[in-house]
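>>> I need the structure of the sequence given here:
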Amino acid sequence: MTQQLRHLVLVSIAGACMALTPQAFGASTASSCATAAESRQLDFWVGSWAIGGHGAGANASSNVSLTLDKCVVIERWDGGRGHRGENIFAYSADDKHWHGMFVDNEGRVHTFQDGKASPDGLTFSGPSIGPDGASVLNRVQIIRIGPDRVDQVWEKSADNGNTWSTAFRGEYSRKNP
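Numbering: from 1, shown residues only. So this is what the prediction gives:
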C-alpha cells in the first residue's frame, strides 16, 4: 500500500469515527428533552383542537405534537379557506429561552427568539417587517385555560411595545377530551 493510500485510509477511518460520536455534531451531555422540565412546559397543548374566534364557533383546526425525542413542539393548523401553516417551538438549554417559528402557505414567516414560560403558559416575542416595510414587534401568548381549553393571542406593536393591537385571538377546544 502506498504512503498516500495509507494516509487516505487512516484519515477516512478517523473521520468515520468522529462522525459517530455525538460531540461531532455539537450534542451535549445535558439531560434529554424528554425529561427536562423546561422542555415539557408546552405539553398541555399537545393534542387535536377545534379553534374559534373569541366567543364564536370553531372554524379552524389544529394538531399539536412532539417530535425529535420530545425536543420540538409542532402545531399544524388549518385556518379554513385554504390557509394553513406550521408553528415550531423548542426550548434551548443553551440560552434558557423558548424559540419559535411560524410559517404559512401564503409565504409569511415569523421568528420568535425570546420565549418565556409562566404558570399559565408561554409568551413569545420577536420582530418582523410589516407589509409597508415598517418594523413590527410581535407577541404571541399560548395560555392554558384548563385541561381542554387553550387561548392563543397574537398582538402586534408598531411602537416597540408601548401599545399593542390584537391581530389574532383563537380559542382552542380539545377534540375528544
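
>>> drop to CA atoms for contacts and neighbour counts, all remaining ones
OK.

>>> Contacts for stretch 77-95, please.
Contacts with stretch 77-95, where a contact means CA atoms under 8 Å, 6 or more residues apart in numbering, come from 38-39, 59-63, 71-76, 97-106.

>>> In strands, which of those residues appear?
Taking DSSP state E, the ones among the contacts of stretch 77-95 that sit in strands are 59-63, 72-76, 97-104.

>>> quick one, what contacts the closest residue to residue 111 other than its chain neighbours?
Nearest residue to residue 111, sequence neighbours excluded (CA to CA, 6 or more residues apart in numbering): residue 101, at 4.4 Å. Counting by CA under 8 Å, 6+ apart, residue 101 touches 87, 88, 89, 109, 110, 111, 112.

>>> List only buried entries from the contacts of stretch 77-95.
By neighbour count, with 16 or more other CA atoms under 10 Å, these hold 38-39, 60-63, 71-76, 97-104 as buried.

>>> residues in contact with the helix or strand residue 115 falls within?
Here residue 115 sits within strand 109-118, counting by DSSP states H and E. For strand 109-118, the surrounding residues in contact (CA under 8 Å, 6+ apart) are 41, 97-103, 122-128.

>>> and the residue nearest to residue 135 when sequence neighbours are not counted, how far is that from residue 109?
Nearest non-adjacent residue to residue 135, counting by CA to CA, 6+ apart: residue 129, 4.7 Å away. Residue 129 is 10 Å from residue 109, where distance means CA to CA, to the nearest Å.

>>> try residue 45
According to CA to CA, residue 45 stands 22 Å off from residue 109.

>>> now residue 46
For residue 46, the distance to residue 109 - CA to CA - is 22 Å.
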